[in-house]
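# Prediction below, plus the sequence it came from.
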Amino acid sequence: MIPEIGHYALVLALFVAIVQATVPLIGAHRNDAAWMEVARPAALVQFLCVAVAFAALTHAFVVSDFSVLNVAQNSHTDKPMLYKVSGVWGNHEGSLLFWITTLGLFGLMVALFGRNLPPSLRARVLAVQAMITVGFLLFVLFTSNPFERLDPAPANGSGLNPLLQDPGLAFHPPFLYFGYVGFSIAFSFAIAALLEGKVDAAWARWVRPWTLAAWVCLTLGIALGSWWAYYELGWGGWWYWDPVENASFMPWLLGTALLHSAIVVEKRDALKSWTILLAILTFSLSLLGTFLVRSGVLTSVHAFATDPQRGVFILALLVVVTGGSLLLYALRAPVLKAGGIFSPVSREGSLLLNNVLLAAGTGTVLLGTLYPLFADALNLGKISVGPPFFNATFVPLMLPMVVAMGIGPLLAWKRGDLPGTMRRLRIAIAASGVTLLGMWLLAPEQSPWWAPPTMALAAFLALATLIEYAERIKLFRASMGETLRRARNLPRAAYGMTISHFGLALAMAGMIGSTAWVTESIQVQQVGETVTVAGYDYRLDQVKEVRGPNFTAERAVFTVTRDGQHMATLRPERRVYNQPPRPTTEAAIRTLWYADLYAVVGEPDGRGGHVTRIYHNPLVPWLWAGCALLVVGGSISLSDRRHRVGAPTKARAKPVASGKTAEA
Amino acid sequence: MTRKTRRLYFVTLGMLALGAAAVLVLTAMSDKLVYFYSPSDLQTQHITEDRRFRLGGLVEEGSVEREGQTTRFRVTDTVHTVSVAYTGILPDLFREGQGVVTEGRLGADGTFQAVSVLAKHDENYMPKEVADSLKKTGQWKPEDQ
């Protein structure tokens, strides 16, 4: 009964969404207030409907109702409750329902908190939002109904892929989807602005918090996924340039560009049509990401759902959304008035440079991701594009961006003083010089040539970011009291920028260190035997059978010592799950502040030994810390009360001191 | 700075970035792409020893031999077979009779020296390339899926 209610609620949501997509739009066109007002109650009802559907599916998973096909295929009574719940979005149908629920939730938030939006803009935003929902609801109802019944119901389900039974991955898809769907709001605002023919600072102020929130969620989602791959797949790597990873990385890159260009629109009234274009493309790439992951066109470890028919539907949706909005853009963008003028060397100039580089970088990732598909379709042979391609194309484009990131925040708006800025950055330049020399002299023997210069660049960015902060609070230039007062009064957005930029520098150091100096050692180890990796001695003490809640495992115990001193005890496992009966590898990791000690146990060799794989991963902890700082920085920036002025939130808009503190 | 020069700056910057990206992509395309071949393809294609590529097919039944950390097995598309040597831990789902994709170079003795072995984390999985090449040789049995 409950699944039928869920299904019915989805159909109802479709009709409400159709009303919401049309009536307010006509109202805005005719300037009819009553018609425009339909949007807000419609958004509420639509959300309630999809929420009921989502709750119904969650209920089916929680009580293990195997008469629902989706539950029977993806759940099992033995599964811990966390994974029963995460199983809701751990499969194709459920994840799309989750998409739709998030869309509805975000639409509702615009309706609730957007009281101070101009009525016609609000009506149009909600209408565009509802159009996206209509597309997805049609998709779910016609090709991927999560409430399909199974008769007779099996006694038990076939279980969730054990690789996915992991807390990191339980929360990876929801955050990715919050990110993707969050960009739909920026998209809806962009389309609404094109329809209105007006983009101004107020528009940018409304769009920024949404973009920022989406960006924070997407960053967290990608980082969680990467972290999961690192400790779960047992290959010691954290990024494989897998098409599915790229699918989430591309909207992140363009979203980052959008975040920064919206600042220029807000502060300087420039780059307007570029920002609109970015908003359209960012959301289109989010859709493309969904298409790539869900259509099965990719050979990938991640492509869990494969059904070409669904792929065709999403492709059609993608063509309509992207094609339609780009057409609208071509027709309407010339209407937008060009704004403020700036010199190439200026804050705007550096933000523009970063935008162009991010867009070009996104382009190379897009090409590398789609090229094998085109080559296959055009019979040019079967090709795989892997890390060497991306390292040779994407990375070189990002390096100048890092330089611009260091210098940009110190430049003035409109017209900057480059020689003066370089003088202010002399400590950072000196520090990066020292890093370069130090790395060349001290780096381990097989250090690749590119490690010292890129590490020097990361050092430059970190120092430049700190210098910018120190200048703002007049550290050592004013009394301690004055400095503290300034530090307290600095807007949160400024702190957000400092923390995020510093986080990126840290993450960059982690990426370089772990790629350049990783040590891998694979061997057959007997119990009692010791292997030395990067100066650490790994002794295999024993291998024993253990039982988990829904798996049995072989657990190896390693004692790790360095110069006779105990460093860690590592317990990697080789698990075999009961349902479905699949083996998985559980790596054991000991995190030190400068490196990860990482051990994996493999199959027995039949003569009492076990294949073991040991990694020494330098600086990987810095990468995760850097990602955490990106998320923290973004969140702090989001909590800036200036973002709330006129922005969709309930907080009473307090009069804000229009201080001359430059904006981040 | 006038509007016109600003636009010129914008366009120049865009062209530069696009140009740089194009140069990088074209250079990378010439030597960073990895082609996929089936054992039958290897009979017709001439492949030099330094060329890295992917070899895919089924792991021949009864062909897997382990010597310490090195595993030797044969990859077949049921028409031709190629011997493969791989040193390291095999994926959890590596099985005789199952689809596999390996990446590496052809050794002087005709043995494929694999540096990585991919098997998807699903016992029913058949890599798409393998399925396609099996279809080509007429050995494709959809019910295997």
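Now that the structure is in, tell me what you want to look at. Residues are numbered from 1 along each chain as shown, chains lettered A, B, ... in the order given.

# how about low-confidence regions in chain B?
Low-confidence segments of chain B (pLDDT under 70): B:1-3, B:92-93, B:119-145.

# Which segments of chain B make up each domain?
Under the assignment automatic domain parsing, the domains of chain B span B:1-32, B:35-144.

# Could you look over those domains and pick the most buried one?
Ranked by mean neighbour count under mean count of other CB atoms under 10 Å in any protein chain shown, those are led by domain B:35-144, which reaches a mean of 17. Where you see a C-beta, it was placed from the backbone N, CA and C, and this is true even at glycine.

# Show me what residue of chain A gets nearest to chain B.
Across chain A, no residue is closer to chain B than A:Lys382, which sits at 3.6 Å (CB to the nearest CB).

# Quick check: the gap between that residue and B:Leu55.
A:Lys382 is 11 Å from B:Leu55, where distance means CB to CB, to the nearest Å.

# gap between A:Pro334 and A:Thr483?
Shown here: A:Pro334 relative to A:Thr483, a distance of 49 Å by CB to CB.

# Identify the spatial nearest neighbour of A:Val128, chain neighbours not counted.
Leaving aside its sequence neighbours, A:Val128 sits nearest to A:Ser188 (CB to CB, 6 or more residues apart in numbering or on different chains; 4.0 Å).

# before we move on, what about A:Leu10?
Nearest one to A:Leu10, counting by CB to CB, 6+ apart, is A:Ala53 at 4.6 Å.

# wait, what's in contact with that neighbour?
Listed by CB atoms under 8 Å, 6 or more residues apart in numbering or on different chains, the contact set of A:Ala53 reads A:6-7, A:9-10, A:13, A:97, A:101, A:147.

# make it 10 Å
Residues in contact with A:Ala53 (CB atoms under 10 Å, 6 or more residues apart in numbering or on different chains) are A:3, A:5-13, A:97, A:100-101, A:104, A:137, A:140, A:146-147.

# now swap in A:Ser86 and tell me
Going by CB under 10 Å, 6+ apart, A:Ser86 touches A:61, A:79-80, A:94, A:160, A:164-167, A:169-174.

# now do 6 Å
Counting by CB atoms under 6 Å, 6 or more residues apart in numbering or on different chains, A:Ser86 touches A:Ala170.

# Kindly report the same for A:Arg208.
The contact partners of A:Arg208, taken as CB under 6 Å, 6+ apart, are A:Ala262.

# near chain B, which residues of chain A show up?
Proximity of chain A to chain B, by CB under 6 Å from any CB of the partner chain, involves residues A:163, A:299, A:341, A:343-344, A:356-357, A:360, A:363-364, A:381-384, A:388-389, A:392-393, A:396, A:522, A:524, A:583, A:602, A:611, A:613.

# Show the buried residues in the residues you listed.
Taking 16 or more other CB atoms under 10 Å in any protein chain shown as the criterion, what is buried in the residues of chain A next to chain B is A:163, A:299, A:341, A:343-344, A:356-357, A:360, A:363-364, A:382-384, A:389, A:392-393, A:396, A:522, A:524, A:583, A:602, A:611, A:613.

# Counting only helices, which of these make the cut?
Using DSSP state H, the members of these that fall within helices are A:356-357, A:360, A:363-364, A:389, A:392-393, A:396.

# Widest-spaced pair of the residues you listed?
Maximum pairwise distance in these, criterion CB to CB, is 21.3 Å, between A:Val356 and A:Phe389.

# B:Ala85: which element?
Using DSSP states H and E, B:Ala85 sits in strand B:81-87.

# now check that strand, is it near chain A?
No. Shown here: strand B:81-87 not in contact with chain A (CB under 6 Å from any CB), separated by at least 6.9 Å.

# Alpha carbons of that strand, in CSV - could you do that?
Presented in CSV, the C-alpha positions along strand B:81-87 are these (Å, rounded to 0.1, in the frame of the first residue of the first chain):
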residue,chain,number,x,y,z
THR,B,81,45.1,-16.4,-27.4
VAL,B,82,47.8,-14.3,-26.0
SER,B,83,50.0,-15.1,-23.0
VAL,B,84,50.0,-12.5,-20.2
ALA,B,85,52.3,-12.0,-17.3
TYR,B,86,51.4,-9.8,-14.4
THR,B,87,53.2,-9.0,-11.2
